[in-house]
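K.L.:
quick one: sequence and predicted model below, then my questions.
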Protein chains: 2
Amino acid sequence: MDADRSAPTAGVPGSNLGWYLGVILRGWHEEVERAVEGVPHGTRGYQILSVVGHNSPPTQSGLAKHLQIDKTVMPYVIDALQDAGLVERRTDPKDRRVRRIVLTPHGERTLAELEAKVRAAEDAVFAGMPAQARQAFVEHAAQLAVSIHSAHPSIDPCIAVLDALVDPEPGAAKR
Amino acid sequence: MDADRSAPTAGVPGSNLGWYLGVILRGWHEEVERAVEGVPHGTRGYQILSVVGHNSPPTQSGLAKHLQIDKTVMPYVIDALQDAGLVERRTDPKDRRVRRIVLTPHGERTLAELEAKVRAAEDAVFAGMPAQARQAFVEHAAQLAVSIHSAHPSIDPCIAVLDALVDPEPGAAKR
DNA sequence: TATTGTTATACTCTATAACTATA
DNA sequence: TATAGTTATAGAGTATAACAATA
């Protein structure tokens, strides 16, 4: 009563890409969420700190577009980061509608600490994978993510990390 | 007032892995969600159909563990797929607590059609990437996902796709 | 008129707890 | 007692709509 399934849709295994991506992202999220414990809004708060720390002061809408989250979530996330003393809002004198988000000194120190913890967490995610395969995977992921992101209708010109990351200056310090 | 930012946490670009994975998974989800339009619960319903179609009849808890979703979401998703005539619940005679999910003939036809659409959708996701890089990325993603999944406390022995996928029979039809 | 940021609200999705039936 | 499946409910997260300030 079990062997008579006549191999449904056999020969065409179907893609498991969605499953791969889901498992990997969930795994990353679990590990990193634990690593950044205490940061307001967890991985999302950390990602905002990271973008703010490594780019010319982004605007709130720029952050929202870059991280692909709704603009209405920015206010309270930024509020929380500001209440924690990690970031500041600065009105742009050139366009007084926009608020540029910058790290406070405390935010800079915190970000540096967090990034060390995140690196450790990511090491745990890749624990079962050879270093060479890991590097290849991350490089391809970067390439693909940039490709997808720039194919999107609303790319933000404010944050130029992406291009810099696809093709970092040859010979740049990679560690 | 802008150039005095003294390069915050410079030299340590920090990992963008979380951003890569998020962008890629969201891109995949958008494309595939559109491709499987009409299937109850979209990509999730499709993923269930796919697992059910390519594995010996899984139980509901096996599906939940494999897809890493809470067991309490299974009832209504399976209900919806059943109402659409795509799957059936069969009480396992060996353990009358479990329900094994099987595709109906209509479900098999539908799955075959969906998989063609999903392949096209994934082609769109990878549109900006060379075929060779795509293949390498997917293979590494499979390797990593299996590594992460099997490191998890509650792996399900019911569904053995994974191992089969990491190291497919050498010479197996790859297209 | 269009855009940035904000607030309030409604909606969807997810997780928690408790229950039935089988083992 | 433990597990598969189910149900109801509460909570978190998300999107929708409307507004003020500025361009």
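P.N.:
Everything's here; your move.

K.L.:
got a list of what A:V52 touches?
P.N.:
Applying Cβ atoms under 8 Å, 6 or more residues apart in numbering or on different chains to A:V52 gives the contacts A:P58, A:L63, A:V87, A:I101, A:V102, A:L103, A:G107. Where C-beta positions appear, they are placed from N, C-alpha and C, glycine not excepted.

K.L.:
can you rerun that using 10 Å?
P.N.:
By Cβ atoms under 10 Å, 6 or more residues apart in numbering or on different chains, the contact list for A:V52 reads A:58, A:63, A:78, A:81, A:86-88, A:100-103, A:107-108, A:111, A:159, B:8.

K.L.:
how many neighbours does the closest residue to A:V73 other than its chain neighbours have?
P.N.:
Excluding its sequence neighbours, the residue lying closest to A:V73 (Cβ to Cβ, 6 or more residues apart in numbering or on different chains) is A:A64, at 7.5 Å. By the measure other Cβ atoms under 10 Å in any protein chain shown, the count of residues near A:A64 is 20.

K.L.:
residues contacting A:A64?
P.N.:
By Cβ under 10 Å, 6+ apart, the residues touching A:A64 are A:I48, A:P58, A:D70, A:K71, A:T72, A:V73, A:M74, A:V77, A:S154, A:D156.

K.L.:
ok, the host helix or strand of it near DNA strand C or not?
P.N.:
Using DSSP states H and E, A:A64 maps to helix A:60-67. Yes - contact of helix A:60-67 with DNA strand C (Cβ under 7 Å from any atom of the strand) involves A:Q60, A:S61, A:G62.

K.L.:
so where's chain A shaky on pLDDT?
P.N.:
Judged by pLDDT under 70, chain A has its weakly predicted residues at A:1-13, A:153-175.

K.L.:
for A:A84, give me phi and psi.
P.N.:
The phi/psi pair for A:A84 (degrees, to the nearest 10) reads phi -80, psi 0.

K.L.:
chain center to the helix holding A:A64, what's the gap?
P.N.:
Distance of helix A:60-67 from its chain centroid, counting by Cα atoms, centre = their mean, to the nearest Å, is 12 Å.

K.L.:
put the alpha carbons of that helix into PDB.
P.N.:
Extracted as PDB, the C-alpha positions of helix A:60-67 are listed here (Å, rounded to 0.1, in the frame of the first residue of the first chain):
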ATOM      1  CA  GLN A  60      15.400  57.500   6.700                       C
ATOM      2  CA  SER A  61      13.700  56.900   3.400                       C
ATOM      3  CA  GLY A  62      17.100  55.800   2.000                       C
ATOM      4  CA  LEU A  63      17.500  53.300   4.700                       C
ATOM      5  CA  ALA A  64      14.000  52.000   4.200                       C
ATOM      6  CA  LYS A  65      14.600  51.500   0.500                       C
ATOM      7  CA  HIS A  66      18.000  50.000   1.000                       C
ATOM      8  CA  LEU A  67      16.700  47.500   3.600                       C
END
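
K.L.:
any of the contacts of A:A64 buried? List them.
P.N.:
Burial by neighbour count, 16 or more other Cβ atoms under 10 Å in any protein chain shown: within those this picks out A:I48, A:P58, A:M74, A:V77, A:D156.

K.L.:
the helices in chain A, which residues?
P.N.:
For chain A, helices defined by DSSP state H occupy the ranges A:17-35, A:42-54, A:60-67, A:74-83, A:105-125, A:131-151, A:161-166.
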